[in-house]
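Asker: just coords:
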Ligand code: FBP
């Protein structure tokens with residue numbers, strides 16, 4: 001463990017706020033059982049895949065009288081996927097609350113993500129270690145990983161580890177794919193007659209794991225505030241120097257929530273939203289045209305500078321590129337060995353171009369060579385293209401430049417700069433919101449485990465109403481499921497929550513963007529504040545405010 005910075009030392013003493021139902025003693029929390037649930041679609045197929053956990057009721061927590069002495073709990077915890085600020089506080093909430101139930105409760109951290117659970121690599125988390133990580137960013141307390149647990153053999157190996165440690169529960173802190181696997185593991189364990197609970201925690205900076213009962217995933221708040229600070233700084237630099245157009249790609253491999261929130265927080269000149277581009281079936285050329293529109297309008301006012309926000313997953317939403325990627329994914333899965341044996345990137349590009357259907361082959365041909373090569377890079381373990389490796393910001397600025405050069409009316413000077421913000425925010429020290437939210441999620445998980453609830457995701461909602469009024473509970477994970485094609489096969493998975501074009505957050509952008517694309521309407525949000533007035537330190541995102549949390 002590194003030495004603590006002065007900020008970390010102060011933050012170590014921060015005591016996360018909790019909803020009132022969770023702050024009067026975990027043993028006093030009473031679970032109220034709500035309505036039975038259905039998955040969002042494909043009900044029959046999901047019911048058939050989850051005969052034991054489908055349709056379970058919603059659960060909400062309220063303060064009650066003590067339920068009496070509890071037995072010690074033995075809990076394992078896994079951090080899965082990309083870092084998100086606040087992960088350490090989920091673990092702190094779990095740690096404190098299982099020990100509050102019984103002093104001999106034990107928390108085992110599986111090392112390096114789901115792979116640690118499969119291989120039985122773990123460590124018993126003690127007070128000293130836990131204290132060193134309270135309210136800190138990153139996932140380094142036990143590390144994370146992207147191993148996909150899906151085969152019966154993998155689950156059987158997990159069962160051996162679970163049996164060996166006599167675990168009452170496994171808590172999986174992850175995004176949509178990891179929580180999908182949590183639900184599958186819960187069903188599998190029940191099928192094998194094991195009473196070990198599996199509880200999921202909604203994590204991802206991308207903000208795309210949410211539904212009516214889960215207002216946001218943790219980490220989104222801190223990450224997007226970090227990016228907005230940087231974007232604001234860049235906008236101010238652009239306005240001062242008056243010579244660069246900044247193309248800023250922002251993480252969010254499918255949904256554009258981060259870009260939308262950053263656009264609202266900084267009032268960048270152009271905020272591209274992938275979901276809108278897909279809905280309007282815009283071609284790449286049309287997207288380029290929309291950026292040129294702002295560049296030209298600003299140049300006409302003597303402003304040869306500006307800021308364009310580009311969502312990381314953009315290319316997957318442009319219909320022609322989306323079908324190209326889907327075809328490439330299937331081909332790479334089908335002809336994996338043959339493809340891997342090809343000697344060079346050049347040969348791979350040529351061979352693939354020959355395999356593609358004519359329409360996709362044409363789209364592929366029109367892309368710059370660097371982007372063609374980036375489309376062929378390894379998929380992640382869930383079969384997704386690694387969009388963080390595709391330089392969409394450069395693709396766009398090159399195409400904008402080419403278009404402007406051909407425009408006889410354009411007399412401005414276009415000099416682009418490129419940025420990609422993702423890793424800068426994923427391991428930042430959690431904002432007060434994420435520190436409080438995560439700690440509460442950890443405590444909520446303990447209540448579910450205490451009462452033997454499996455296949456649930458811990459939930460805390462009503463987030464726009466002040467922490468004491470937050471409402472904690474549990475949401476059956478199958479409620480978020482639908483059937484989707486993965487590696488060419490239909491599988492039950494959690495549906496990603498994309499930006500809703502009829503929702504209030506996008507509505508706010510749509511209302512103002514024609515003014516923002518021409519004027520210098522920038523806002524400079526500045527760094528996250530941890531000490532000071534509550535309206536700054538505890539501020540929630542614009543998305544949550546507009547969606548009412
Ligand atoms: P999760 O879905 O695991 O939360 O991760 C999301 C993300 O941060 C994306 O925004 C990004 O595309 C991806 O991780 C990058 O992952 P890696 O750490 O493998 O580079």
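Answerer: Ah, there it is. Note that the coordinates shown come from a computational prediction; the quantities given were computed from them, not determined experimentally.
Asker: got a list of what residue 355 touches?
Answerer: 331, 335 (C-beta atoms under 8 Å, 6 or more residues apart in numbering). (C-beta placed from N, C-alpha, C; glycine too.)
Asker: Confirm for me that residue 282 is in contact with residue 320.
Answerer: No. Residue 282 is beyond contact range of residue 320, at 10.0 Å (criterion: C-beta atoms under 8 Å).
Asker: OK, contacts around residue 490?
Answerer: 45, 483, 484.
Asker: Closest to the ligand out of those?
Answerer: Nearest to the ligand out of those is residue 484 (C-beta to the nearest ligand atom; 15.5 Å).
Asker: quick one on the thing from earlier: from the contacts of residue 490, which single one is nearest residue 123?
Answerer: Proximity of these to residue 123 (C-beta to C-beta) peaks at residue 484, which lies at 35.4 Å.
Asker: Pull the number of nearby residues for the closest residue to the closest one other than its chain neighbours.
Answerer: Leaving out its chain neighbours, the residue that sits closest to residue 484 by C-beta to C-beta, 6 or more residues apart in numbering is residue 493, at 5.1 Å. Look at residue 493: counted by other C-beta atoms under 10 Å, it has 22 neighbours.
Asker: Report the residue spans of the stretch 401-549 of the chain with pLDDT below the cut-off.
Answerer: 549 (pLDDT under 70).
Asker: show me where it has strands.
Answerer: Using DSSP state E, counting those that start in this stretch, the strands of the stretch 401-549 of the chain run over residues 416-421, 456-461, 471-476, 481-486, 489-494.
Asker: and those strands, which is most packed in?
Answerer: strand 456-461 (a mean of 27; mean count of other C-beta atoms under 10 Å).
Asker: Give me the angle between it and strand 489-494.
Answerer: 40 degrees (axes from the mean of the first three to the mean of the last three C-alpha atoms, to 10 degrees).
Asker: in its sheet, what does strand 456-461 sit against?
Answerer: Strand 456-461 pairs in its sheet with strand 197-202 (parallel), strand 471-476 (antiparallel), by DSSP bridges.
Asker: Enumerate the residues of the chain near the ligand.
Answerer: Residues of the chain lying close to the ligand by C-beta under 6 Å from any ligand atom are 81-82, 84, 175, 204-206, 251-253, 312, 387-388, 422, 426.
Asker: Any of the residues you listed buried? List them.
Answerer: Neighbour-count burial within these applies to 81-82, 84, 175, 204-206, 251-253, 312, 387-388, 422, 426; the criterion is 16 or more other C-beta atoms under 10 Å.
Asker: quick one: low-confidence ranges for the stretch 251-400 of the chain?
Answerer: 381-383.
Asker: one step back: just flag the most distant two among the buried ones among the residues of the chain next to the ligand.
Answerer: Distance extremes for those: the farthest pair is 84 and 387 at 17.4 Å, using C-beta to C-beta.
Asker: Quick check: which element contains residue 247?
Answerer: According to DSSP states H and E, residue 247 maps onto strand 245-250.
Asker: Return the member of the residues of the chain next to the ligand nearest to residue 14.
Answerer: For the residues of the chain next to the ligand, the nearest to residue 14 is residue 84 (18.3 Å; C-beta to C-beta).
Asker: show me what contacts residue 520?
Answerer: 239, 303.
Asker: Output the strands paired with strand 456-461 as CSV; include the columns distance to residue 270.
Answerer: Shown next, in CSV, are the strands paired with strand 456-461 (distance: least, C-beta to C-beta, whole Å):
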stretch, distance to residue 270
strand 197-202, 30
strand 471-476, 36
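Asker: What are the boundaries of the helices in the stretch 1-150 of the chain?
Answerer: Taking DSSP state H, counting those that start in this stretch as the test, the helices found in the stretch 1-150 of the chain are 6-12, 43-49, 87-101, 114-119, 127-133.
Asker: looking at the ones you listed, which is buried most?
Answerer: Neighbour counts (mean count of other C-beta under 10 Å) averaged over each of the helices of the stretch 1-150 of the chain peak at helix 87-101, with a mean of 26.
Asker: list the helices and strands that one packs on?
Answerer: On a contact count with 3 or more C-beta pairs under 8 Å, 6 or more residues apart in numbering; DSSP states H and E, helix 87-101 meets strand 74-79, strand 106-110, helix 127-133, strand 169-174, helix 432-450.
Asker: report the longest helix in this structure, please.
Answerer: Ranked by number of residues, the top helix in the chain under DSSP state H is helix 220-241.
Asker: Would you mark the buried spots in that one?
Answerer: By neighbour count with 16+ other C-beta under 10 Å, helix 220-241 contains the buried residues 220-232, 234-235, 238.
Asker: immediately after the strand holding residue 247, which helix or strand?
Answerer: Assignment by DSSP H and E places the next element after strand 245-250 at helix 257-266.
Asker: now that following helix, how far from the chain's geometric center?
Answerer: Relative to its chain's centre, helix 257-266 lies at 15 Å (C-alpha atoms, centre = their mean, to the nearest Å).
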